[in-house]
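In: Quick one, what's the 3D model for this:
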Amino acid sequence: MKRNSFLCCICLSLLAHIFTAQAAPKDLVSPSQAKTIIAHRAEKVLLALKTKDMARLATFVHPEKGLRFSPYEYVNMGADLVFRRNQLQSLWASKKLHAWGEYDGSGAPIQLTFRAYYQGFVYDHDYAKAKHVGFNSEIMGHGNMRNNIREVYRRAIVVEYHFAGFDPQRKGMDWKSLWLVFEKKNQMWYLVGIVHGEWTI
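Out: Model prediction:
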């Protein structure tokens, strides 16, 4: 029985590997190429986020798809909010509450103004000083929630700004990541997603 169980595990691992290989787009940009292509543009986007320059941020947003905001690393296509270029600047001053999804753990609705959401789920740390930056590389921020960024944005360049943790006593459970997602249109790479990540229950 032990031998059969062992063989089953091997078969399942092989099938998972084959499925992943088949699911991965053939034209996915390699990490080294991604860094060459997008590093400078990503820095400009991050600076716009840091300085709260919504007008500047809007210039990088995809002209057709707009910009999707995901509070956690599981991109929820049915719940995440998408805004167009011309909406960003007015959103910053707006006091309107938006439904951004649900808080991890409690399941309570995330009802926040755009500015409050930005402070809690976008630029909640100074990601311009992140010690680890990845370009289409292995995900650095891992919690209990499934990260489906690559499944949703299959041919994108994904940049991860990652803090492994802040308090040594928490042993990495206070990690934070911010993912910027870019898709190509007419030889230009546009921002289509901002995904926030942290340890989830």
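In: Trp100 in helix, strand or coil?
Out: strand (DSSP: H, G, I helix; E, B strand; the rest coil).
In: right, and it touches Tyr117 too?
Out: Yes - Trp100 lies in contact with Tyr117 (C-beta atoms under 8 Å); the separation is 5.5 Å. For glycine as for every other residue, the C-beta is placed from the backbone atoms N, C-alpha and C.
In: Tell me where this structure is predicted with low confidence.
Out: Filtered on pLDDT under 70, the chain yields the residue ranges 1-26.
In: Kindly recompute the last result at 90.
Out: Judged by pLDDT under 90, the chain has its weakly predicted residues at 1-28, 89, 105-106, 141-144, 170-172, 199-201.
In: Name the residues contacting each of Trp100 and Tyr117.
Out: Shared contacts of Trp100 and Tyr117 (C-beta atoms under 8 Å, 6 or more residues apart in numbering): 69, 71, 110.
In: Just put those in a markdown table and tack on neighbour count, distance to Met145 and secondary structure.
Out: Shown next, in a markdown table, are those (neighbours: other C-beta atoms under 10 Å; distance: C-beta to C-beta, whole Å; DSSP: H, G, I helix; E, B strand; the rest coil):
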| residue | neighbour count | distance to Met145 | secondary structure |
| --- | --- | --- | --- |
| Phe69 | 21 | 16 | strand |
| Pro71 | 25 | 11 | coil |
| Ile110 | 19 | 14 | strand |
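In: would CSV of those residues with distance to Lys52 be doable?
Out: Listed next are these as CSV, based on distance: C-beta to C-beta, whole Å:
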residue, distance to Lys52
Phe69, 15
Pro71, 18
Ile110, 20
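In: Tell me the one of the residues you listed nearest Val192?
Out: Phe69 (10.8 Å; C-beta to C-beta).
In: Distance-wise, check that closest one relative to Ile157.
Out: Separation of Phe69 from Ile157 (C-beta to C-beta, to the nearest Å) stands at 18 Å.
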